[in-house]
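K.L.:
Whatever this is, show me its structure:
(one chain, ligands or ions: 1)
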Amino acid sequence: MSNLQVQLIKKPDAKYPKVNDVFQVKTASTPTASQLKDGEVFLENLYFSIDATMRVWISGAKTYVDPVLPGNTMFGQAVSRVLASKSQKFQKGDYVIGVVNWTLYQIISDAKLHLVKRGGDIDDLTGYSFLGPLGISGLTAYIGFEAIGKPKEGETVVISAAAGAVGEIAVQLAKTYYKCKVIGIAGGPEKCDYVKKQLGAHDCIDYKNENLSKRLRELTPNGIHVYFDNVGGEMLDEILMHITDHTRIILCGAIATYNQTGEPYKVKNYPRLIIKRAVMQGFLYFDHPELFKPGQATITQMLKQGQLKIRYDVQNGLEQAPNGLAKLLLGQNNGKVVVKAKADQPKL
Ligand SMILES: NC(=O)c1ccc[n+]([C@@H]2O[C@H](COP(=O)([O-])OP(=O)(O)OC[C@H]3O[C@@H](n4cnc5c(N)ncnc54)[C@H](OP(=O)(O)O)[C@@H]3O)[C@@H](O)[C@H]2O)c1
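P.N.:
Residues are numbered from 1 along each chain as shown. Coordinates of the predicted model:
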């Protein structure tokens, strides 16, 4: 079994992600089951999640995880198969989820993993779903609403990066589960079409080709009750001009700022929060484990009833993971970016 490893070789500069030269893919030694210590498992990593926040990790900034520094192996969430085990928790053949290295094979402590399926087979779509609707993307959307947004029936909910992984689930939850009027914001006519026609939003603003302020005035005449913010920066500033009394702003992410080098963007319109008695609060989905089960149950129910559409943007092969991240940061992804670690072979 030959192993691959994706390593950060330099900190991203102003040219990244257009110039995608910060990672290298190397062959690496493959661990063996004989190296296992008590409490460890030997994994084959099958499906990787590509997430916007990885851009922050590779900047070297101090956050809730250790930064990835040049020379380090990149890491992220993945669904993996247990090939051998010296763990009390997991056995050979189990499927687990956790934060692992961007490698095909690795030995890891069982403390970092959760069981997703005991034995048997797993198909690609099921693997992706543990990273998408039933994992980080779905839980982030659900927890943002439950912990902060608390949308009430009939309210107006605006969602940025609405065609993205978190955004597409947030749109459908707001529409179907919370029964709100939903306005998406997305880049380009194709994405806006998807948000309206496939996800069922009331409307979608193409912020790259339309005047955001004018369209928000037209579409939210009574103001925005809940804003699910995936973008931050200037877009957040504009939204603040359209809030109403007691608006709840869910600070989920600030992707517009992740690639910025130099002075960080300073939000100017925050005094609007005072006169509108509004709330703006950040959150990290993993701080709310009490909401995982209800979130997964809600999303599973919606999936079963055909009320949740999910698009996967699949990168074929671990060596494509850096391209997947750059694509997402350039807004070129359609839905949840996932990596199938071992590329499908072209059919002859
Ligand atoms: N708080 C948490 O626990 C948590 C967990 C997971 C993710 N997040 C956050 O959720 C957000 C979405 O992440 P995701 O992984 O689901 O990615 P995603 O939405 O699938 O992809 C990112 C999208 O962001 C948009 N974008 C990129 N650069 C932008 C810019 N400069 N200005 C405006 N929009 C830009 C692009 O869509 P357009 O083409 O429409 O611009 C792009 O497709 C991120 O901010 C991420 O950090 C937070």
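K.L.:
Only C-alpha atoms from now on, for both contacts and neighbour counts.
P.N.:
OK.
K.L.:
what's near enough to touch residue 322?
P.N.:
20, 23 (C-alpha atoms under 8 Å, 6 or more residues apart in numbering).
K.L.:
If you could redo that for residue 245, that was the one I meant.
P.N.:
So residue 245 contacts 225, 276-278 (C-alpha under 8 Å, 6+ apart).
K.L.:
Residue 73 too?
P.N.:
5-8, 101-102.
K.L.:
Residue 22 against residue 8, yeah?
P.N.:
Yes. Between residue 22 and residue 8 there is a contact under C-alpha atoms under 8 Å: 5.8 Å.
K.L.:
between the two, who's got more neighbours?
P.N.:
A direct count of neighbours by other C-alpha atoms under 10 Å for residue 22 and residue 8 places residue 8 higher, at 21 against 17.
K.L.:
just how off-centre is the lowest-mean-pLDDT helix or strand in the chain within its chain?
P.N.:
None of the helices or strands of the chain scores lower by mean pLDDT, DSSP states H and E than helix 255-258, at a mean of 94. Put simply, helix 255-258 sits 14 Å off its chain's centre (C-alpha atoms, centre = their mean, to the nearest Å).
K.L.:
go on, stretch 178-196?
P.N.:
That offset, for stretch 178-196, works out to 17 Å (C-alpha atoms, centre = their mean).
K.L.:
send the alpha carbons of it over as PDB?
P.N.:
C-alpha atoms of stretch 178-196 as PDB (Å, rounded to 0.1, in the frame of the first residue of the first chain):
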ATOM      1  CA  TYR A 178     -38.800  27.300  10.100                       C
ATOM      2  CA  LYS A 179     -41.400  28.400   7.400                       C
ATOM      3  CA  CYS A 180     -39.800  31.800   6.700                       C
ATOM      4  CA  LYS A 181     -39.500  34.000   3.700                       C
ATOM      5  CA  VAL A 182     -35.900  33.300   2.500                       C
ATOM      6  CA  ILE A 183     -33.700  35.600   0.400                       C
ATOM      7  CA  GLY A 184     -30.400  34.100  -0.700                       C
ATOM      8  CA  ILE A 185     -27.300  36.000  -1.700                       C
ATOM      9  CA  ALA A 186     -24.900  34.300  -4.100                       C
ATOM     10  CA  GLY A 187     -22.300  35.000  -6.800                       C
ATOM     11  CA  GLY A 188     -23.500  34.700 -10.400                       C
ATOM     12  CA  PRO A 189     -26.800  33.800 -12.200                       C
ATOM     13  CA  GLU A 190     -26.300  30.000 -12.200                       C
ATOM     14  CA  LYS A 191     -25.900  30.000  -8.400                       C
ATOM     15  CA  CYS A 192     -28.900  32.300  -7.900                       C
ATOM     16  CA  ASP A 193     -31.000  30.100 -10.200                       C
ATOM     17  CA  TYR A 194     -30.100  27.100  -8.100                       C
ATOM     18  CA  VAL A 195     -31.000  28.900  -4.900                       C
ATOM     19  CA  LYS A 196     -34.400  30.000  -6.200                       C
END
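K.L.:
Mind checking if stretch 251-266 is in reach of the ligand?
P.N.:
Yes. Judged by C-alpha under 6 Å from any ligand atom, stretch 251-266 and the ligand are in contact via 252-256.
K.L.:
Can you get me the start-to-end distance on stretch 306-314?
P.N.:
Start and end residues of stretch 306-314 are separated by 22 Å (C-alpha to C-alpha, to the nearest Å).
K.L.:
tally of neighbours for residue 1?
P.N.:
Using other C-alpha under 10 Å, residue 1 has 9 neighbouring residues.
K.L.:
ok, now the one 3 residues further on?
P.N.:
Around residue 4 sit 19 other residues, with neighbours defined as other C-alpha under 10 Å.
K.L.:
returning to what we had before: got the contact list for the following helix or strand past the least confident helix or strand of the chain?
P.N.:
On the C-terminal side of helix 255-258, the closest following helix or strand by DSSP states H and E is helix 272-275. With contact meaning C-alpha under 8 Å, 6+ apart, helix 272-275 is reached by 240-241, 243, 278-280.
K.L.:
Just to check, residue 84 is in contact with residue 39?
P.N.:
No. Using C-alpha under 8 Å, residue 84 is not in contact with residue 39; the gap is 11.4 Å.
K.L.:
Among the contacts of residue 73, name the ones in strands.
P.N.:
5-8, 101 (DSSP state E).
K.L.:
how about the helices of the stretch 51-200 of the chain, start to end?
P.N.:
54-57, 124-131, 136-143, 165-172, 189-193 (DSSP state H, counting those that start in this stretch).
K.L.:
Residue 221 is nearest to which of those?
P.N.:
Each of the helices of the stretch 51-200 of the chain was scored for nearness to residue 221 using C-alpha to C-alpha, and the closest is helix 165-172 (19.5 Å).
K.L.:
now that closest one, how far from the centre of its chain.
P.N.:
Using C-alpha atoms, centre = their mean, the offset of helix 165-172 from its chain centre is 10 Å.
K.L.:
do the same with stretch 24-33
P.N.:
27 Å.
K.L.:
Only alpha carbons, please: show it as PDB.
P.N.:
Output in PDB follows, covering the C-alpha atoms of stretch 24-33 (Å, rounded to 0.1, in the frame of the first residue of the first chain):
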ATOM      1  CA  GLN A  24       2.800  19.800  -2.200                       C
ATOM      2  CA  VAL A  25       1.700  16.200  -2.600                       C
ATOM      3  CA  LYS A  26       4.400  13.700  -1.600                       C
ATOM      4  CA  THR A  27       4.600   9.900  -1.300                       C
ATOM      5  CA  ALA A  28       5.000   8.900   2.300                       C
ATOM      6  CA  SER A  29       5.700   5.800   4.300                       C
ATOM      7  CA  THR A  30       2.700   3.600   5.100                       C
ATOM      8  CA  PRO A  31       2.200   2.700   8.700                       C
ATOM      9  CA  THR A  32       1.700  -0.900   9.600                       C
ATOM     10  CA  ALA A  33      -0.700  -2.500  12.100                       C
END
